[in-house]
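Visitor: 3D model of this:
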Amino acid sequence: MLVKVYGSAVFGVEATTITVEVNVATGIGYHLVGLPDNAIKESSFRIAAALQNNSYKFPGKKITINMAPADLRKEGSAYDLTLALGILAASNQIKATDIGDFLIMGELSLDGSLQPIKGALPIAIKAKEEGYKGFILPIQNVKEAAIVSGLEVYGVSNILEVINYFDKGTPLERTIIDTKKEFYNNLDHLEHDFADVKGQESIKRCMEIAAAGGHNIILIGPPGAGKTMLAKRLPSILPPMTLQEALETTKIHSVVGKLKEHVGLMSQRPFRSPHHTISDVALVGGGAYPQPGEISLSHNGVLFLDELPEFKRGVLEVMRQPLEDREVTISRAKFTVTYPSSFMLVASMNPSPSGFFNDPGSPMSSSPGEMQRYLSKISGPLLDRIDIHIEVTPVPFEKLSEERTGEKSVDIRKRVTQARQLQTERFKDNEKVHYNAQMSVKQISEYCKLEDSSKALLKSAMERLNLSARAYDRILKVSRTIADLSESENIQGSHISEAIQYRSLDREGWLG
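Guide: Numbers count the residues shown, from 1 in each chain. Okay, the predicted model is just below:
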């Protein structure tokens with residue numbers, strides 16, 4: 001008897017429906033075809049044990065299973081439940097007249113319980129697009145899939161529940177989530193808050209500017225100055241995610257199985273902080289069967305690279321194109337996948353190998369030559385893509401011991417959101433530009449016009465501080481953001497002078 005059951009495979013962040021054709025006939029043998037990987041080939045052992053432990057049997061007949069389309073590589077253990085139900089139905093152990101109306105996925109344990117799968121959200125979206133009645137999957141992933149409205153989603157913990165549903169009509173419990181309500185309820189649950197940061201008012205101001213304009217930023221300072229603490233709090237002042245951004249971000253995390261159990265929609269912007277030993281494939285994505293990397297997991301959020309010069313130069317260089325294009329394309333001989341990667345880059349570094357710079361009280365010091373070699377690990381093209389450089393100094397005891405708390409992230413976020421709204425209106429006719437950091441040279445000349453006095457100030461500063469040519473556009477972009485924060489239509493001299501302060505690494509002779 002031939003039975004067709006439906007599963008799904010995920011490529012990139014999109015799903016493709018897989019038809020599992022199971023034929024049980026007279027004879028002996030088990031033949032699984034359709035380019036399955038080793039995890040799928042081993043499924044027969046898991047299925048046999050799971051069926052036996054739930055009073056069913058693995059038929060001793062000739063079983064032929066085809067996973068169509070047969071020229072598409074399938075991988076992972078999430079097809080166990082699909083295959084098991086197909087075998088039971090084809091061998092007439094259960095009645096399954098409407099099994100073709102459902103998409104069924106899940107990894108089996110030997111006792112028949114189900115393990116979570118990857119990519120539940122994109123699979124659910126595809127199931128709705130193709131008109132399936134429902135989606136049956138492990139209960140751990142049910143909230144993730146139930147985000148998709150208009151699709152019946154059933155979370156199960158054991159294969160016996162699914163068997164009884166098709167064979168005996170025992171109802172399954174449908175999971176229904178009010179996506180908008182859940183999303184908006186969790187928007188303001190901030191894990192970190194700028195109110196916890198003592199002192200560092202000038203750095204907080206700098207972070208606010210970076211958040212308002214979407215500018216990449218590098219923090220330079222000795223150990224213990226608070227660079228990591230400040231970076232971790234940046235997502236708390238970014239504008240709240242829109243529902244569309246939340247769906248995009250959740251899809252990527254779903255594909256790599258990074259969503260927490262029983263979590264539906266991600267409502268907080270992601271913050272990723274990879275170790276400096278990371279490989280280029282782990283950072284941008286890839287592998288034999290491509291998976292999203294850290295830059296895609298940071299989509300719509302923040303990628304924090306601590307101790308930037310310690311990263312391998314080749315790893316940093318592969319970020320240059322994604323920083324410009326806001327997406328990364330991974331090509332293989334038979335297919336190409338594209339992952340979104342629109343993120344804010346926040347980097348931190350010590351000013352010297354010892355970590356201390358111009359500190360007469362430090363027992364360690366580095367020669368100018370050592371410092372130059374250390375800083376030269378960061379290439380010019382990468383620095384070109386970082387708009388703001390700011391020096392972070394240690395917080396004095398008087399500030400640390402203060403009982404007064406700083407300004408809360410919620411209050412800073414209001415100003416940032418207001419500035420972003422101005423930019424959204426400004427760039428409404430351009431689909432590729434959403435905030436000031438994305439402006440091209442043409443848009444800079446259009447939206448960053450200076451009065452004669454401001455031009456003279458910028459010219460004087462560039463000559464006196466020996467600022468490089470690449471600093472010019474960055475200063476104009478940042479000054480436009482500062483003007484937006486103060487709700488000024490024109491860029492004033494004070495905005496230019498503040499923006500000039502944020503180009504530390506461009507100053508000739510910065511090493512002393």
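Visitor: and the pLDDT at the residue lying closest to residue 80 once chain neighbours are set aside?
Guide: Counting by CB to CB, 6 or more residues apart in numbering, residue 108 is the residue found nearest to residue 80 once chain neighbours are left out, at 3.9 Å. Just so you know, the C-beta spots here come from the backbone N, C-alpha and C atoms, and that holds for glycine as well. Looking at residue 108, its pLDDT is 97.
Visitor: cool, residue 189 as well?
Guide: Turning to residue 189, the model gives it a pLDDT of 70.
Visitor: now do the SS call for it.
Guide: coil (DSSP: H, G, I helix; E, B strand; the rest coil).
Visitor: would you check that it makes contact with residue 268?
Guide: Yes: using CB atoms under 8 Å, residue 189 and residue 268 qualify as a contacting pair, with a distance of 7.2 Å.
Visitor: which one's more surrounded, these two?
Guide: Taking other CB atoms under 10 Å, residue 189 and residue 268 do not tie; residue 268 has more neighbours (19 against 8).
Visitor: which helix or strand contains the more buried one?
Guide: Using DSSP states H and E, residue 268 falls within no helix or strand.
Visitor: wait, it touches residue 192, no?
Guide: No: with contacts counted by CB under 8 Å, residue 268 stays clear of residue 192, the gap being 10.3 Å.
Visitor: any common contacting residues for those two?
Guide: Common contacts of residue 268 and residue 192, defined by CB atoms under 8 Å, 6 or more residues apart in numbering, comprise residue 235.
Visitor: could you pick out the longest strand of this protein?
Guide: Taking DSSP state E as the assignment, the strand of the chain that covers the most residues is strand 14-25.
Visitor: contacting residues around that one?
Guide: Counting by CB under 8 Å, 6+ apart, the neighbours of strand 14-25 from elsewhere in the structure are 1-10, 59, 61-69, 72, 74, 79, 82-83, 86-87, 89-91, 103, 119, 122-123, 125-127, 130.
Visitor: among those residues, which are in helices?
Guide: Secondary structure from DSSP state H places 82-83, 86-87, 89-90, 122-123, 125-127 of these in helices.
Visitor: who wins for most neighbours among those?
Guide: residue 123 (30 neighbours).
Visitor: surely it meets residue 103?
Guide: Yes: look at residue 123 against residue 103 with CB under 8 Å: they come within range, at 6.7 Å.
Visitor: next, show the common contact partners of the two.
Guide: Counting by CB under 8 Å, 6+ apart, the shared contacts of residue 123 and residue 103 are 8, 135.
Visitor: for this protein, give me the ranges with low pLDDT.
Guide: Regions of the chain meeting the criterion pLDDT under 70 cover residues 187-188, 261-262, 354-368, 506-512.
Visitor: again, 80 this time
Guide: Judged by pLDDT under 80, the chain has its weakly predicted residues at 179-180, 182-191, 260-264, 288-289, 332-335, 351-377, 379-380, 396-406, 466-470, 504-512.
Visitor: check it and tell me which residue is nearest its centre.
Guide: Centre of the chain computed as the mean C-alpha position; nearest residue by CA atoms, centre = their mean is residue 297, 2.1 Å away.
Visitor: wait, that residue touches residue 270, no?
Guide: Yes: distance between residue 297 and residue 270: 6.2 Å, which falls inside the contact criterion (CB under 8 Å).
Visitor: which neighbours do those two have in common?
Guide: Overlap between the neighbourhoods of residue 297 and residue 270 consists of residue 253, taking contacts as CB under 8 Å, 6+ apart.
Visitor: state the number of residues packed around residue 300.
Guide: Around residue 300 there are 22 residues (other CB under 10 Å).
Visitor: for the one 4 residues further on, same thing?
Guide: When counting by other CB under 10 Å, one arrives at 24 neighbours for residue 304.
Visitor: contact partners for it?
Guide: 228, 231-232, 271-273, 346-348.
Visitor: could you pull out the strands for the stretch 151-300 of the chain?
Guide: Per DSSP state E, counting those that start in this stretch, the stretch 151-300 of the chain carries strands over the ranges 152-156, 217-220, 271-272, 285-286, 291-292.
Visitor: how about the ones you listed, which one is nearest residue 99?
Guide: strand 152-156 (13.1 Å; CB to CB).
Visitor: between helix 120-129 and the closest one, find me the angle.
Guide: Inter-element angle recorded for strand 152-156 and helix 120-129: 140 degrees (by axes from the mean of the first three to the mean of the last three CA atoms, to 10 degrees).
Visitor: report the inter-axis angle for strand 152-156 versus helix 80-90.
Guide: Angular relation of strand 152-156 and helix 80-90 on a 0 to 180 degree scale: 100 degrees, by the same axes, to 10 degrees.
Visitor: tell me the secondary structure at residue 330.
Guide: On the three-state scheme (three-state DSSP), residue 330 is labelled strand.
Visitor: for the closest residue in space to it that isn't next to it in sequence, phi and psi?
Guide: When the adjacent residues along the chain are set aside, residue 330 lies closest to residue 290, with 4.6 Å between them (CB to CB, 6+ apart). Listed backbone geometry of residue 290 is phi -50, psi 140, with angles given as degrees, to the nearest 10.
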